[in-house]
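Trainee: Provided below for reference: sequence and predicted model.
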Amino acid sequence: MIESLEKKNERLNSLDALPEHVLHSLEQIAGKNIRKRLVPGEDLIQAAAPVLETEDILSGVHALLNGWLTEDVYCQKLEQQLAQYVGARYASLVNSGSSANLLAFATLTSPKLGERAIRKGDEVITVAAGFPTTVNPIIQNGCVPVFVDIDIPTYNIAADLVEQAITSRTKAIIIAHSLGNPFDLSAIKKLADQYGLWLIEDNCDALGATFNNKPCGSFGDMATLSFYPAHHITTGEGGAVLINNPRLKKIVTSMRNWGRDCWCMPGLDNTCGTRFNQQHGQLPTGYDHKYVFSHIGYNLKMTEMQAAIGVSQIKKIDHFVEARRHNHARLKELFQEFEEFFVLPEPTAGAKPSWFGFMLTCRGNKVNRNKLVQYLNQKKIGTRLFFAGNITKHPAYQEIEHKVIGELRNTDRVMEEAFWLGVWPGLEEQHLMYMYDTVKEYLKQERFI
Ligand SMILES: Cc1ncc(COP(=O)(O)O)c(C=O)c1O
């Protein structure tokens, strides 16, 4: 029997509470070690950082002191909460966002999917502008990435070019909601449905975003999340695969858990009640189901301590998302004044982003991106590029088999002229004003204004 949410909650609540004096000491230690308010000009204003509070650390300690280190009630609870928040059917926790992408993709190669399984040599539509581990699973599974250009200023796939990329070998689309801004889900989902393609939403940078009032992560067959400290909630390292297509749930679990056929939770046996009387492959009848492997799998599981931190963090998700939106809106308001020098970011039509960063594309004939970011970094303002820029230009990708649809003109432009500033919830008005003042100071120094 699978434990109900009520039962899990009961078990979670019955876990030994930390004794008062231990709690007090831990609170003091944790409180000392967590980030204090940043002073502009003195402390580095990072482009991305977590907002970690004493209660998050204590939650992790609670799980640790419970003595069961791998998947248990905290993991189950976080899976339930994530699925519920995103409106997905299921969530499966993993050890990173990159693992989530790998797991989601590997799931689609399962022979259990028959004709629809992705095979070596199949084509998968994606973008070259973004994070490498959105694209890597395509290559790691022997498939061919088909790169489509992006739009500026949404920094998302140019939806009108996608149909041209589809051939008889196309099996899937895997793309990210760039910097928290959803891609055109109505156009992409329509194409995926029309051509029978799998859709994976890389939602690693966009927890809390919606498209036509529906949460991102609930549209694709699967979606992925990252809980690396830069992201909307953190578990240190960590991530999740969200599953909307019920056919895929068992395959995700198997691929994540060494490829085994058995779906018992760690520490449990015989959940199916038929542990010793099944016959699989060429194995003898009754071979212990715990050691029957139906996929060439991985071990990508999250630990209980990480999940406990996540359970504490997710309680604050609405505040985190709102703070990111507020900071982005404020920066946009301030930077209107510099529109002559920068392309300002825009949400995709129909989207309500959950911003990861504030992207600026320098109008190259005026502002030199490299000079500006160096200036900002000297002034202790952290900047980030749009991850890989154009992934096809990187050393590791020189020999890979791939296709490009048309030209990657905007992708190249972003590689050369764009960068982003932070909007994470720890930033306040004084930090945003400091960013604005410093950019203004630079423009003055260069005699642009
Ligand atoms: C869009 C996107 N996908 C995947 C990842 C990988 O996540 P992780 O660092 O947890 O492996 C990142 C990382 O920031 C990302 O931005």
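Mentor: Arrived safely. This structure is a prediction, so every number in the text was calculated from the model and none was measured. Residues are numbered from 1 along each chain as shown.
Trainee: So the chain: which segments form each domain?
Mentor: With domains defined by automatic domain parsing, the chain comprises 5-13+20-314, 316-445.
Trainee: Can you check the distance spanned by the shortest one, start to finish?
Mentor: Domain 316-445 has its terminal residues 41 Å apart, counting by C-alpha to C-alpha, to the nearest Å.
Trainee: pLDDT on it, on average?
Mentor: Averaging pLDDT along domain 316-445 gives 97.
Trainee: give me phi/psi at residue 117?
Mentor: Dihedral angles of residue 117 (phi, psi; degrees, to the nearest 10) stand at phi -60, psi 140.
Trainee: and what of residue 139?
Mentor: phi -70, psi -40.
Trainee: What residues does the stretch 151-300 of the chain have near the ligand?
Mentor: Taking C-beta under 6 Å from any ligand atom as the criterion, the stretch 151-300 of the chain approaches the ligand at residues 176, 202, 204-205, 226, 228, 230, 239. For every residue, glycine as well, the C-beta is placed using N, CA and C.
Trainee: on that earlier part again, return the most buried member of the domains of the chain.
Mentor: With neighbours taken as mean count of other C-beta atoms under 10 Å, the domains of the chain reach their highest mean count in domain 5-13+20-314, at a mean of 20.
Trainee: Give me the contacts around the helix or strand hosting residue 410.
Mentor: Using DSSP states H and E, the element containing residue 410 is helix 409-417. Residues outside helix 409-417 that contact it (C-beta atoms under 8 Å, 6 or more residues apart in numbering) are 127-129, 147, 149-152, 155, 158, 361-364, 369, 385-386, 389-390, 393.
Trainee: Which of these fall within strands?
Mentor: 127, 147, 361-362 (DSSP state E).
Trainee: remind me which residues of the chain are low pLDDT?
Mentor: Residue ranges of the chain with pLDDT under 70: 1-5, 8-9, 15, 35.
Trainee: going on from the helix holding residue 410, what's the next piece of helix or strand?
Mentor: Reading on from helix 409-417 to the C-terminus, the next helix or strand found by DSSP H and E is strand 418-422.
Trainee: What angle do strand 418-422 and the helix or strand just after that following strand make with each other?
Mentor: Next helix or strand after strand 418-422 toward the C-terminus (DSSP H and E): helix 429-445. Orientation of helix 429-445 against strand 418-422 (axes from the mean of the first three to the mean of the last three C-alpha atoms, to 10 degrees) gives an angle of 150 degrees.
Trainee: Show me what helix 429-445 packs onto, helices and strands only.
Mentor: helix 317-335, helix 369-378 (3 or more C-beta pairs under 8 Å, 6 or more residues apart in numbering; DSSP states H and E).
Trainee: Now do the same contact list for the residue of the stretch 51-200 of the chain found nearest the ligand.
Mentor: Here the residue of the stretch 51-200 of the chain nearest the ligand is residue 97; by C-beta to the nearest ligand atom that distance is 2.5 Å. Neighbouring residues of residue 97 by C-beta under 8 Å, 6+ apart: 133, 202, 204, 224-228, 231, 239.
Trainee: again with residue 227
Mentor: Residue 227 touches 97, 233-240, 306, 310, 313, counting by C-beta under 8 Å, 6+ apart.
Trainee: measure it to residue 309 for me?
Mentor: 8 Å (C-beta to C-beta, to the nearest Å).
Trainee: ok, back up a step: export the contacts of residue 97 to JSON lines and append columns for secondary structure.
Mentor: Shown next, in JSON lines, are the contacts of residue 97 (DSSP: H, G, I helix; E, B strand; the rest coil):
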{"residue": "133", "secondary structure": "helix"}
{"residue": "202", "secondary structure": "strand"}
{"residue": "204", "secondary structure": "coil"}
{"residue": "224", "secondary structure": "strand"}
{"residue": "225", "secondary structure": "strand"}
{"residue": "226", "secondary structure": "strand"}
{"residue": "227", "secondary structure": "coil"}
{"residue": "228", "secondary structure": "coil"}
{"residue": "231", "secondary structure": "coil"}
{"residue": "239", "secondary structure": "strand"}
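Trainee: Let me know the closest of the residues you listed to residue 10.
Mentor: residue 227 (25.8 Å; C-beta to C-beta).
Trainee: For the residue nearest to the closest one when sequence neighbours are not counted, which residues are in contact?
Mentor: Nearest non-adjacent residue to residue 227, counting by C-beta to C-beta, 6 or more residues apart in numbering: residue 238, 3.7 Å away. By C-beta under 8 Å, 6+ apart, the contact set of residue 238 is 93-96, 226-228, 302, 306-307, 310.
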